[in-house]
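In: Generate a structure from the sequence data that follows.
(2 chains)
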Amino acid sequence: RKEVEQDPGPFNVPEGATVAFNCTYSNSASQSFFWYRQDCRKEPKLLMSVYSSGNEDGRFTAQLNRASQYISLLIRDSKLSDSATYLCVVPSGGSNYKLTFGKGTLLTVNP
Amino acid sequence: GAVVSQHPSRVICKSGTSVKIECRSLDFQATTMFWYRQFPKKSLMLMATSNEGSKATYEQGVEKDKFLINHASLTLSTLTVTSAHPEDSSFYICSALSDGQGAGNQPQHFGDGTRLSIL
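Out: Here you go, the predicted structure:
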């Protein structure tokens, strides 16, 4: 299993749709997980942190299944502004706080 | 919130030139900063971990003599791409971990990146 593997995408959805992204990770010792969004030619910006079974913030819900080493991100009522690449990020653990990034899933929300 | 400033945002220069990129934590101290590189349509790849007052730790395959890192203060790390060539053209991004954050379970704060183009 790759360190961090994401849905390859791309996803094209209409405004208002619900869309879900999946991510699997290989390091069973990882305790926390992050979803970042990255707009074209920009730096990643933190979207959500996931420390326990899940986290919800408005239209965004992240879920964690430690047994299956699986994280998901659900976006409800998609907006045009949600169009971006979504990165699943897993700390490598240890004292140097290294992050491993998934390749990202491109989402395009269409009017 | 924590702000990381990266400068310059865009560099275009001739092959053989050395380019210095600065990464500053504006409102917090950062003992540890990270340098990433991202090629088009690829994921961010960690190049090195920059530690204030000590040598950087480079990832496998990254040439330390090619990518010089200096972390001379708690708010500034610099990456110098020495004798840059077209294959070094990429998007370079730094991040910083605020001192006092717990180990391995806090997000990093990213700079806005430097797009380097070597002609």
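In: so residue 36 bridges to which residues?
Out: Using chain A. A:L46, A:L87 (DSSP bridges).
In: hm, I was asking about chain B
Out: What pairs with B:Y36, by the bridge criterion (DSSP bridges), is B:L46, B:I93.
In: That one touches B:T49, doesn't it?
Out: No. Contact between B:Y36 and B:T49 fails when scored by C-beta atoms under 8 Å: they sit 10.6 Å apart. C-beta coordinates here come from the backbone N, C-alpha and C atoms, glycine included.
In: So the two - more neighbours on which side?
Out: Shown here are B:Y36 and B:T49; by other C-beta atoms under 10 Å in any protein chain shown, B:Y36 has more neighbours (25 against 20).
In: wait, B:P86 sits on B:S15?
Out: Yes. B:P86 is within contact range of B:S15, at 6.3 Å (criterion: C-beta under 8 Å).
In: what do the two both touch?
Out: Shared contacts of B:P86 and B:S15 (C-beta atoms under 8 Å, 6 or more residues apart in numbering or on different chains): B:I118, B:L119.
In: any idea how far the residue in chain A positioned nearest to chain B is from A:N110?
Out: Distances between chain A and chain B by C-beta to the nearest C-beta are smallest at A:S32, namely 4.0 Å. Counting by C-beta to C-beta, to the nearest Å, the separation of A:S32 from A:N110 is 33 Å.
In: what do you get for B:A84?
Out: Counting by C-beta to C-beta, the separation of B:A84 from A:N110 is 39 Å.
In: Over to B:S54?
Out: 50 Å.
In: How about B:P107?
Out: 30 Å.
In: For the two, work out which one has more neighbours and name it.
Out: B:P107 (23 against 11).
In: correct me, but the more buried one touches A:L47?
Out: No. Contact criterion C-beta under 8 Å: B:P107 and A:L47 do not qualify, at 9.8 Å.
In: ok, back up a step: mind checking pLDDT for the residue of chain A closest to chain B?
Out: pLDDT, A:S32: 82.
In: residues near it, how many?
Out: Neighbour tally, A:S32, other C-beta under 10 Å: 18.
In: Please list all residues in contact with B:S90.
Out: With C-beta under 8 Å, 6+ apart, B:S90 has these contacts: B:R37, B:Q38, B:F39, B:L116.
In: Please read the previous query as pertaining to B:P8.
Out: B:I21, B:T114.
In: Show me which residues of chain B sit near chain A.
Out: For chain B, the residues in contact with chain A (C-beta under 8 Å from any C-beta of the partner chain) are B:6, B:32, B:34, B:42-46, B:49, B:57, B:91, B:93, B:95, B:97, B:103-108, B:110-113, B:115.
In: at 10 Å instead, please
Out: B:1, B:4, B:6, B:32, B:34, B:36, B:38, B:40-46, B:49, B:51, B:57, B:59, B:91, B:93-95, B:97, B:101-115 (C-beta under 10 Å from any C-beta of the partner chain).
In: In strands, which of those residues appear?
Out: B:4, B:6, B:32, B:34, B:36, B:38, B:45-46, B:49, B:51, B:57, B:91, B:93-95, B:97, B:109-110, B:114-115 (DSSP state E).
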